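Undergrad: sequence unavailable; structure follows:
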């Protein structure tokens, strides 16, 4: 991507006069003094802009370099995408021929849905096995959309559209009290390891687990390569959906995505008696705990996470985006938000005062 295009994609306004005119490369004579000056100005602009972009993306570069050094890969691999690097690290070789089993789902044996089992059945019906299809339904009083790309919840209600029909209208919640964010760190990587959902293009299925273990070890040692290994963990799922990737395996991609949604619904089903669900996303839920139900909530979440996460020592910090999200969605006064996290030595509630 060119420098000017990169800057415009970031929303930067670039005035025409800011960009020096480039002298044509087709001139077959000696440049005039004016043309030399234009060329120098253009090169200066290009180098300066490249430096600014590099400063913004330095951490990405360092992560790439760390990965190349850790696995003794050639410097030419700097031009590869994250997904391509992940495929190299785990030793993926493109499936050929590709098995014709894209929608033959392997539902995990730890799932125990009752009330919301109709969602699981929706995914298994042939007429719904189309990436354009999705399922809009209420779960624990909150509207959710399930699909082949993930889970999203919608806060609001259906109202008349003025033409005899209905439409969905978003509206803020009115919540006063404590809100818990039960978040599963590295949800998809843990599903891949726990349920053996690694792409079948990888012969040694233990390699991915080794990357997870190595990253955990390096984080404890404060080794910066830990951030580099995150490239592999976070890119693997996406690569299983990319037909141009050596990791391409749509069956496993669907196994990860669908089971991830169903396991989250399973957690909601177990919690809804003790909590009010506020919002769900790919790897966690927000809910408000009923009075005197914190211990029971803790117990349910621990059992849930024990079935998914083998080892997790990563703390996701409560960031400005989440603060902004709740400032927009919640109209009541929130006393605090708790983040329920899973650690090597058990589970903890992390206090985050608003």
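TA: Arrived safely, thanks for sending. The shown structure was predicted, so the numbers you read here are calculated from the model rather than taken from an experiment. Residues are numbered from 1 along each chain as shown.
Undergrad: which element is the residue nearest to residue 240 when sequence neighbours are not counted on?
TA: Distance criterion Cβ to Cβ, 6 or more residues apart in numbering; nearest residue to residue 240, sequence neighbours excluded, is residue 253 at 4.1 Å. In short, each C-beta sits where N, CA and C put it, glycine included. Element membership for residue 253, per DSSP states H and E: helix 250-271.
Undergrad: likewise residue 246?
TA: Element membership for residue 246, per DSSP H and E: none, as it lies in no helix or strand.
Undergrad: numbering from 8 from now on, please.
TA: Happy to do that; since the first residue is 8 now, the last one works out to residue 253.
Undergrad: for the residue lying closest to residue 212 once chain neighbours are set aside, which three-state class applies?
TA: Distances taken as Cβ to Cβ, 6+ apart put residue 205 closest to residue 212, at 4.9 Å, once the chain neighbours are dropped. Of the three states, residue 205 takes coil under DSSP: H, G, I helix; E, B strand; the rest coil.
Undergrad: okay, now residue 205: neighbour count?
TA: Neighbour count for residue 205, taken as other Cβ atoms under 10 Å: 23.
Undergrad: part of a strand, is residue 35?
TA: No - assigned with three-state DSSP, residue 35 falls outside any strand and is coil.
Undergrad: how close does it get to residue 67?
TA: Plainly put, residue 35 is 41 Å away from residue 67 if you go by Cβ to Cβ, to the nearest Å.
Undergrad: ok, the two, which is more surrounded?
TA: Neighbours per residue (other Cβ under 10 Å) separate residue 35 from residue 67, with residue 67 holding more: 13 against 4.
Undergrad: how far is the host helix or strand of the more buried one from where the chain is centred?
TA: Here residue 67 sits within helix 65-77, counting by DSSP H and E. A distance of 20 Å separates the centroid of the chain from that of helix 65-77, by Cα atoms, centre = their mean, to the nearest Å.
Undergrad: buried residues, that helix. List them.
TA: Across helix 65-77, burial judged by 16 or more other Cβ atoms under 10 Å covers 70, 71, 73, 74, 75, 77.
Undergrad: which ones are touching the residue lying closest to residue 99 once chain neighbours are set aside?
TA: Of all residues not flanking residue 99 in the chain, residue 253 sits nearest, at 4.0 Å (Cβ to Cβ, 6+ apart). If you count contacts by Cβ atoms under 8 Å, 6 or more residues apart in numbering, residue 253 has them with 91, 94, 99, 100, 101, 208, 246.
Undergrad: alright, calling it a day.
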